[in-house]
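**Q** Only the shape, not the letters, is given here:
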DNA sequence: ACCGTATCATTAACATGTTAAATAAATAAA
DNA sequence: TTTATTTATTTAACATGTTAATGATACGGT
């Protein structure tokens, strides 16, 4: 791009190096994700909600009462992060937290009316962005991408 | 999966909600990425290298001297994160840092022999994992996936 | 009932993500 | 040349990612 391009590769472009960064799957996944989230984040920021917090309250709106482990699975958030997110959302009155009577270890989560209000404000705009994406790529290509991603997600390395 | 499934959805499954979490593109991208990185992280951890640090030294091995802005673009790391990573890698003698004589604002990065040593130890194992992935999915499907991801990365939401 | 073990949630410690603001150097404009 | 504006990097502040350790509860076998 610019004339300050890199100089003097330290290693010949041979088999020793990992594949070129430009076609690196992990980085490509990052870039694609960021391209999407850059559209959603500003909209969530207006409600002082992070992307992860949005995932949590959205799942609660979808599913009703969910315990923390279940939430961690669905929202793909690690337990320590979820602990902090739950604390923050509860302090702000966006979700309710209660101990499971049948299993004292579990924490049950539920969205509050205030949380629902956020959902109702954000969801239409969110849907608009997805619709634009779908119109641009076509439903089938998105489904194809989702299928490929699911396959990669199932990759466990044991040939 | 379990019998502690969620109960009492708070919102009817209608048009108000965003699309179901199970087919959410951002989360699918996260899951796929994590499935890959879970194989690489332990291997990097043995050298006390994070995934992002690996990206930095790998790019330096590929390209020689690179300035910080260029690195941020290539490794897809935000400037503030890169500042911390550079500091850490330099303190550990894995990279060298120097001011650009032609532009006092720029920071030039270069890998050290110690850094190259890490590359040489990690690269073969890294390549092995990629080869397994390629054997599992086939080169064409991976290329297809990369192409789709590039397209999503180019999505700007306008029109 | 007791013990050992497994599971769930939290805490701790450190690295990175994210946005905004500050600093410093280069560049354009007056 | 002096000023104003851009550009590159850093700092700050807070949220999350990541791994390991801890505390608490549940559960199995004895």
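**A** Done, it's in. Model, not experiment: these values are computed from the prediction.
**Q** as a whole number, average confidence for the lengthiest helix in chain A?
**A** Under DSSP state H, the helix in chain A containing the largest number of residues is helix A:113-137. In this model, helix A:113-137 has a mean pLDDT of 93.
**Q** Wondering if that helix reaches chain B at all.
**A** Yes: Helix A:113-137 is in contact with chain B by CB under 8 Å from any CB of the partner chain, via A:116, A:119-120, A:123-124, A:126-127, A:129-130, A:132-133, A:136-137. Any C-beta I mention is one placed from the backbone N, CA and C, and that applies to glycine too.
**Q** Who wins on neighbours among these?
**A** residue A:119 (23 neighbours; other CB atoms under 10 Å in any protein chain shown).
**Q** looking at it, that one is touching residue A:58, isn't it?
**A** Yes: with contact defined as CB atoms under 8 Å, residue A:119 reaches residue A:58; the gap is 6.7 Å.
**Q** can you put the residues of helix A:113-137 next to chain B in JSON lines and add distance to residue A:51?
**A** Conversion of the residues of helix A:113-137 next to chain B to JSON lines gives the following (distance: CB to CB, whole Å):
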{"residue": "A:116", "distance to residue A:51": "19"}
{"residue": "A:119", "distance to residue A:51": "14"}
{"residue": "A:120", "distance to residue A:51": "18"}
{"residue": "A:123", "distance to residue A:51": "15"}
{"residue": "A:124", "distance to residue A:51": "18"}
{"residue": "A:126", "distance to residue A:51": "11"}
{"residue": "A:127", "distance to residue A:51": "16"}
{"residue": "A:129", "distance to residue A:51": "13"}
{"residue": "A:130", "distance to residue A:51": "15"}
{"residue": "A:132", "distance to residue A:51": "19"}
{"residue": "A:133", "distance to residue A:51": "16"}
{"residue": "A:136", "distance to residue A:51": "21"}
{"residue": "A:137", "distance to residue A:51": "21"}
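**Q** What ranges in chain A fall below the confidence cut-off?
**A** Flagging of chain A using pLDDT under 70 yields the residue ranges A:1-22, A:157-159.
**Q** all strands in it, in order from the N-terminus.
**A** Per DSSP state E, chain A has strands spanning A:66-67, A:95-99, A:107-111. These are given in chain order.
**Q** What pairs with the first one, parallel or antiparallel?
**A** Right, the one you point to is strand A:66-67. strand A:107-111 (antiparallel) (DSSP bridges).
**Q** by how many degrees do the longest helix of chain A and strand A:95-99 diverge?
**A** Relative orientation of helix A:113-137 versus strand A:95-99 (axes from the mean of the first three to the mean of the last three CA atoms, to 10 degrees): 120 degrees.
**Q** Isn't residue A:88 up against residue A:56?
**A** No: under the criterion of CB under 8 Å, residue A:88 lies out of contact with residue A:56, with a separation of 9.9 Å.
**Q** Neighbour count: these two, which is higher?
**A** Under the neighbour definition other CB under 10 Å, residue A:88 and residue A:56 were set side by side, and residue A:56 has more, 27 against 14.
**Q** wait, isn't the more buried one in contact with residue A:72?
**A** No: proximity of residue A:56 to residue A:72 does not meet the contact threshold set by CB under 8 Å, at 9.8 Å.
**Q** Nearest residue to residue A:54 in space, ignoring adjacent ones along the chain?
**A** With sequence-adjacent residues excluded and distances taken as CB to CB, 6 or more residues apart in numbering or on different chains, residue A:54 is closest to residue A:44, at 5.3 Å.
**Q** how near is the one you found to residue A:72?
**A** Separation of residue A:44 from residue A:72 (CB to CB, to the nearest Å) stands at 20 Å.
**Q** repeat for residue A:121
**A** In this structure, residue A:121 lies at 26 Å from residue A:72, with CB to CB as the measure.
**Q** just to revisit the earlier point, columns distance to DNA strand D on top of the residues of helix A:113-137 next to chain B, output as TSV?
**A** Shown next, in TSV, are the residues of helix A:113-137 next to chain B (distance: CB to the nearest atom of the strand, whole Å):
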residue	distance to DNA strand D
A:116	19
A:119	16
A:120	20
A:123	19
A:124	22
A:126	17
A:127	22
A:129	20
A:130	21
A:132	25
A:133	22
A:136	27
A:137	25
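**Q** sorry, back to before: and the longest helix of chain A, what does it pack onto?
**A** The helices and strands touching helix A:113-137, judged by 3 or more CB pairs under 8 Å, 6 or more residues apart in numbering or on different chains; DSSP states H and E, are helix A:25-45, helix A:51-63, helix A:139-153, helix B:139-153.
**Q** Deepest in the core, which of the ones you listed is it.
**A** Most buried of the helices and strands packed on helix A:113-137, by mean neighbour count (mean count of other CB atoms under 10 Å in any protein chain shown): helix A:51-63, with a mean of 22.
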